[in-house]
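Enquirer: Provided below are the primary sequence and the corresponding predicted coordinates.
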Amino acid sequence: MRTKSEERRQHMVATAAEVFLQRGYEATSMAEICSRVGGSKATLYGYFKSKEELFLSVMKMLAEERMSQAYARLVPGGDIVASLQAFAENYLQVILGPDLMAMRGIIVGELVRAGAAQQFYDAGPRQGWNKVAAYLEAEMTAGRLRQADGWVAAMHLLSLVQAEYQQTFMIGVVSEDELSLLQERVTRGVQVFMAWYGV
């Protein structure tokens, strides 16, 4: 059961997410977030020491909300190809969605300048890919995938399933036509992954 303090914090994070998405990182102020949340700046700063810390909490919330379905597809012992396909399709639908594409621009621009990009990576993407690595390691241990370093295998999977989007993703211009090809592009990436890691 959530405490009022947890509920208040979640409300602050959800409100901040709306503001960051609307205005961007640099144009968003703690004062504006505070006015939308209601209450004092002291209360907001009691939960978050800085705008960077609040933004990291927003990114973590968005990643957990949107990526939880993708990670749920990775259940050891099932059909590996089907699991990887379902995971990768869900993953790409999330990261190529308009809100996370907008946030990605903020991360690349503002957080790199502020020196907080590593914190974001450690709090979000690294944790998620650790889950993928753990799934792959479980399949390796069971003899259903070739023995290898789980983290390296997870990075290979990531690179392969997003390979055909990499160039347009980097500059934030993934078109609807490209998105309509997501399933077949993921299939090709998973096939290449399994050609190396399959047994």
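Expert: Ah, there it is.

Enquirer: how near is Ala116 to Gln22?
Expert: Distance from Ala116 to Gln22, counting by Cβ to Cβ, to the nearest Å: 20 Å. Glycine gets a C-beta too; all of them are placed from N, C-alpha and C.

Enquirer: Please identify which of these two sits among more neighbours.
Expert: Ala116 (21 against 11; other Cβ atoms under 10 Å).

Enquirer: mind checking pLDDT for the closest residue to that one other than its chain neighbours?
Expert: Closest residue to Ala116 apart from its sequence neighbours, by Cβ to Cβ, 6 or more residues apart in numbering: Glu52 at 4.6 Å. We note a pLDDT of 83 for Glu52 in this prediction.

Enquirer: what about Glu52, is that helix, strand or coil?
Expert: Secondary structure for Glu52, judged by DSSP: H, G, I helix; E, B strand; the rest coil, is helix.

Enquirer: Can you report how many residues neighbour Ala27?
Expert: Residues near Ala27, counting by other Cβ under 10 Å: 11.

Enquirer: what does the one 3 residues further on give?
Expert: Other residues within reach of Met30, judged by other Cβ under 10 Å, total 16.

Enquirer: Could you pull up the residues touching it?
Expert: Going by Cβ atoms under 8 Å, 6 or more residues apart in numbering, Met30 touches Lys41, Leu44, Tyr45, Lys51, Leu54.

Enquirer: Past the lowest-mean-pLDDT helix or strand in the chain, which element shows up next along the chain?
Expert: Within the chain, no helix or strand scores below helix 112-114, which has a mean of 66 by mean pLDDT, DSSP states H and E. Downstream of helix 112-114, the first helix or strand assigned by DSSP states H and E is helix 117-123.

Enquirer: and that following helix, how far from the chain's centre?
Expert: 11 Å (Cα atoms, centre = their mean, to the nearest Å).

Enquirer: Quick one: residues in contact with the helix or strand following it.
Expert: With elements assigned by DSSP H and E, the helix or strand that comes after helix 117-123 is helix 125-141. Helix 125-141 has contacts (Cβ under 8 Å, 6+ apart) with 63, 67, 71, 74, 76, 80, 83, 87, 145-148, 150-151, 153-155, 157-158, 197.

Enquirer: how does it look with 7 Å?
Expert: Applying Cβ atoms under 7 Å, 6 or more residues apart in numbering, the contact partners of helix 125-141 are 63, 67, 71, 74, 76, 80, 145-148, 150-151, 153-154, 157-158.

Enquirer: Mind listing what's buried along that helix?
Expert: Gly128, Trp129, Lys131, Val132, Ala133, Ala134, Tyr135, Leu136, Glu137, Ala138, Glu139, Met140 (16 or more other Cβ atoms under 10 Å).

Enquirer: Break this protein down into its structural domains.
Expert: Listed by the TED database, the domain ranges of the chain are 1-49, 58-197.

Enquirer: Quick check: which of the ones you listed is buried the most?
Expert: Most buried of the domains of the chain, by mean neighbour count (mean count of other Cβ atoms under 10 Å): domain 58-197, with a mean of 16.
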